[in-house]
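Enquirer: Okay, predicted coordinates and the sequence, questions at the end:
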Amino acid sequence: MNTQVAIIGAGPAGLLLGALLDKAGIENIIVERQTPEYVLGRIRAGILEQVCVDLLRDAGVGSGVDMGGTVHHEIDLVFQNKRYPIAVSQLTGGKVVTAYGQTEVTQDLMTQRTQLGLTSFYSADEVDLHDIESKSPRVSFSIDGRRQEISCAFIAGCDGFHGVSRKHIPSHLLKEFERVYPFGWIGVLADVPPVSPHAIVYANSDRGFALCSMRSMTRSRYYLQCPLTDQVSEWSDERFWDELKLRLDPELSAKLITGPSIEKSIAPLRSYVAEPMRHGQLFLAGDAAHIVPPTGAKGLNLAATDVKYLSEAITEFFKLNSSHGIDQYSARCLKRIWRAERFSWWLTSLMHRFPDTGEFGQKIQEAELDYLVKSQALSTSLAENYVGLPLDFGDQ
Ligand code: RFL
Ligand code: PHB
């Protein structure tokens, strides 16, 4: 098989890249290790920046988020049992975020890809990359035991943190930056109305962090900080709801509607960046190149901007015969990535209980939160990062 771009991974990064390239008239094939059902079953992101919503519209799948998304103008911070609204929209000249699930984004892109008749291989085993330093790289894989091969001009490694692509960058050329946090998040999805439908709630309690989010007016997503050693089986629904109530302010606790969970999982928290994001004809995008802890809701949004830059660069190469975009790709992405890494690390540090910082650490957090909600300068800093810094931030 021949194509212009072979995309490894059918998560949001791979699917969105495929859609944007197709719009620009560039052929692409996606190779995914899992089944479509498995990909859709992973419950992850829920908050989209405006830049991400605009990209979904550009890719031709805006109707899902336009009809099913809930626009948020505010986020709420809870500490010392009190809730403080941060008017992110007012503080950023009218910018908003939209609550719309990664599962829904993925489903919209998958449906469109099927309707357009674009080629995707799911359940691909032993995916391998070849000759990435040459002008004609290849991707090989097995479907039902039969070996297949794609020849292409570029390979996009959109295969997430545990994918194969990044491993093809020689280790002496790849610099990795990492911080692993000493706790995880247990998340529950339930068909109950969200306790706070118009603002995501981030709670710093002396029992640990809690987050109230949503997927729709009838489906909620909640998270609790938990020890990394915890197993999902140790968290009955009842234990989860009881603990969540203890970490929220009294008004929200009283309003919380509980019900049976439809999904429950534990995720570790990590900050990670791999530099550079290109080697030869291989380009990394999304979680394949970087991870942020989910506290700032930046992971999917960063994947979307990587893919925007990559689709522009590849289009420039094929349509204008210019390598400028592909040569700048890694540096252009990394500027935005490190800003989001800083913000996600800061919000994670501010909102969680750290086992080793004790009461001193908690007092410092409370002093900073108190300053944050009273200072227009610090609230504005939180707000402008939360809605997403402009694409041309710092370029003027
Ligand atoms: P994905 O989604 O991991 O997709 C990668 C795909 O590649 C496939 N794959 C392979 N395919 C072929 N060959 C191989 N060898 C392969 N190895 C892997 C995988 O099966 C998969 O289908 O990466 P992508 O596309 O870069 O997307 C990134 C996002 O998924 C991620 O950044 C976000 O989910 C992070 N995140 C959040 N981001 C936000 O912007 N807003 C949020 O509110 C938000 N909340 C979250 C989150 C992540 C979370 N977890 C579980 C880490 C909440 C949580 C709890
Ligand atoms: C989610 O809805 O899953 C979500 C929302 C906000 C975050 C992280 C996850 O910061």
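Expert: It's in. Numbers count the residues shown, from 1 in each chain. Ligands and ions are numbered 1, 2, ... in the order given.
Enquirer: Which residues outside stretch 79-91 are in contact with it?
Expert: 72-78, 95-97, 199, 201, 203-205, 249-252, 365-366, 369-370, 373, 376, 379-380, 382-384, 386-387 (C-beta atoms under 8 Å, 6 or more residues apart in numbering). For every residue, glycine as well, the C-beta is placed using N, CA and C.
Enquirer: got the residues of the stretch 51-200 of the chain near ligand 2?
Expert: Within the stretch 51-200 of the chain, the positions near ligand 2 by C-beta under 6 Å from any ligand atom are Ile200.
Enquirer: can you give me the helices for the stretch 51-200 of the chain?
Expert: Assigned by DSSP state H, counting those that start in this stretch, the helices in the stretch 51-200 of the chain fall at 62-68, 88-91, 102-115.
Enquirer: would you turn those helices into CSV with distance to Leu244, mean neighbour count and mean pLDDT?
Expert: What follows is those, written out as CSV (distance: least, C-beta to C-beta, whole Å; neighbours: other C-beta atoms under 10 Å; pLDDT from 0 to 100):
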stretch, distance to Leu244, mean neighbour count, mean pLDDT
helix 62-68, 25, 15, 97
helix 88-91, 23, 18, 98
helix 102-115, 22, 19, 98
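Enquirer: before we move on, the earlier item: keep the contacts of stretch 79-91, but drop any that are not near ligand 1.
Expert: When C-beta under 6 Å from any ligand atom is applied, no member of the contacts of stretch 79-91 is adjacent to ligand 1.
Enquirer: List the residues that contact the nearest residue to Leu116 once chain neighbours are set aside.
Expert: In this structure, Leu116 finds its nearest non-sequential neighbour in Asp22, 6.4 Å apart by C-beta to C-beta, 6 or more residues apart in numbering. Going by C-beta under 8 Å, 6+ apart, Asp22 touches 28, 116, 118.
Enquirer: Check Leu48 too.
Expert: By C-beta under 8 Å, 6+ apart, Leu48 lies in contact with 56, 65, 69, 97-100, 105, 300-301, 304.
Enquirer: check which helix or strand covers Asn204.
Expert: In the assignment (DSSP states H and E), Asn204 maps to strand 199-205.
Enquirer: how far away is the nearest residue to Tyr386 once chain neighbours are set aside from ligand 1?
Expert: Spatially, and ignoring its direct neighbours in sequence, Tyr386 is nearest to Val88 (5.4 Å; C-beta to C-beta, 6+ apart). Distance, Val88 to ligand 1, using C-beta to the nearest ligand atom, to the nearest Å: 14 Å.
Enquirer: For the chain, list the residue farthest from the centre, please.
Expert: Each residue of the chain has a distance to the centre, and by C-alpha atoms, centre = their mean the biggest one is for Arg146: 33.3 Å.
Enquirer: Distance check, Asp249 against Asn204.
Expert: Distance, Asp249 to Asn204, by C-beta to C-beta, to the nearest Å: 11 Å.
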